[in-house]
Structure formats: structure tokens, C-alpha cells
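**Student:** please work out how this folds:
(one chain, ligands or ions: 1)
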Amino acid sequence: MIVRNVKDVIGTKDEVKTENWLSRRVLLKKDGMGFSFHETVIFPGTETHIHYQNHLEAVWVVEGDGEIETIADGKKYKLEPGVVYALDKNDEHWLRGGKAPCRVLCVFNPPLTGLEVHDEKGVYPIVEDEAA
Ligand code: 9YT
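**Tutor:** Model (predicted):
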């Protein structure tokens with residue numbers, strides 16, 4: 001059995017920070033679960049273009065606020081605690097931080113190795129090596 005505390009990920013290579021968000025990757029591909037599991041904080045007032053062409057992601061909002069807008073149809077969805085969204089069609093979207101830091105729990109299938117940061121098209125590449 002694997003038992004971890006997110007506190008032990010903070011400040012390690014598995015805490016990935018960008019200008020718009022930070023991601024604490026608590027379970028990764030190397031853990032053999034078939035998915036990865038992260039705590040992500042989206043910073044207030046930020047806007048991130050995301051298009052996970054190689055991954056499915058589900059997101060559970062636990063704190064703060066924000067918005068997503070699906071690019072294909074321009075629909076906007078308010079993010080607040082309790083909201084869950086699933087990018088079941090690899091949906092391209094804008095992710096916007098609100099007034100308070102938005103803390104979410106995310107699952108990725110296939111699992112991230114831990115190295116991934118969005119490229120200029122908002123995509124995470126498939127990483128084949130086991131460097132994580
Ligand atoms: C909600 C979302 O996709 N935020 C970007 C970071 C991502 N969740 C990650 O890499 O953990």
C-alpha cells in the first residue's frame with residue numbers, strides 16, 4: 001500500500017510551478033496505479049490555454065473560485081467547491097483563476113510521469129521514459 005502526505009511533495013521535483021498554477025503530483029506513473037493524482041492550485045486572475053490531446057483529466061474543486069470556458073462552443077462554467085469536471089473528449093478550454101486561489105484535485109489517464117508542463121498549444125506530451 002502507498003500512503004503519502006501532500007506536505008512531503010512540497011518543495012520537491014514533484015511540485016511543478018508555472019506562472020499560472022502549481023501542481024503537487026502525489027501519485028505518478030511510477031506508482032503503477034494507471035492514473036496520476038495531483039493537488040493543483042490555480043492562481044487568482046490567471047488564464048491558461050489547455051488542450052490535453054494525449055490525456056483525459058478529471059478535476060474536483062475543493063477551495064476558491066475560477067472559471068472554465070470550452071473553446072469549441074464558448075460555454076463558461078463557474079468553478080467553486082464541489083464542482084467536478086471531466087475532459088472526456090480531450091476538450092480544449094481556457095482555465096481562469098478567480099478572486100481566491102483555486103485548489104483542485106486532478107486525476108490524469110494515462111498517468112503523468114511528473115515531468116510535464118504545458119507546451120505552447122496547451123498540450124502535455126506523452127513522456128515515454130521512466131525518469132520520474
Ligand atoms: C486544472 C488543470 O489542468 N490545471 C493545470 C495543471 C494540471 N492540473 C497538473 O499538471 O496537475
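
**Student:** got any ranges where the protein has weak pLDDT?
**Tutor:** For the chain, the stretches flagged by pLDDT under 70 are 116-122, 125, 127-132.

**Student:** so the residue in it that the ligand sits nearest to: helix, strand or coil?
**Tutor:** As assessed by CB to the nearest ligand atom, the ligand sits closest to residue 23 within the chain, at 3.3 Å. In this view, the C-beta of every residue, glycine as well, is placed from N, C-alpha and C. Classification of residue 23 using DSSP: H, G, I helix; E, B strand; the rest coil returns strand.

**Student:** need the three-state assignment for the residue nearest the centre of the chain.
**Tutor:** Closest to where the C-alpha atoms of the chain average out (CA atoms, centre = their mean) is residue 106, at 5.3 Å. Following three-state DSSP, the label given to residue 106 is strand.

**Student:** could you give the bridge partners of it?
**Tutor:** residue 38, residue 59 (DSSP bridges).

**Student:** how about residue 29, nearest residue that isn't a chain neighbour?
**Tutor:** residue 111 (4.1 Å; CB to CB, 6 or more residues apart in numbering).

**Student:** checking the one you found next. Helix, strand or coil?
**Tutor:** Secondary structure for residue 111, judged by three-state DSSP, is coil.

**Student:** pull the number of nearby residues for it.
**Tutor:** 21 (other CB atoms under 10 Å).

**Student:** right, and it touches residue 26 too?
**Tutor:** No. If you go by CB atoms under 8 Å, residue 111 and residue 26 don't touch, sitting 11.5 Å apart.

**Student:** show me which residues of this structure sit near the ligand.
**Tutor:** 21, 23, 38, 40, 50, 57, 59, 95, 104, 106 (CB under 6 Å from any ligand atom).

**Student:** between those residues, which is closest to residue 2?
**Tutor:** Residue 2 lies nearest to residue 38 out of these, by CB to CB, at 14.6 Å.

**Student:** please look at that closest one and residue 23 and confirm they touch.
**Tutor:** Yes. Counting by CB under 8 Å, residue 23 is a contact partner of residue 38 at 5.1 Å.

**Student:** which neighbours do the two share?
**Tutor:** Here residue 38 and residue 23 share the contacting residues residue 106, scored by CB atoms under 8 Å, 6 or more residues apart in numbering.
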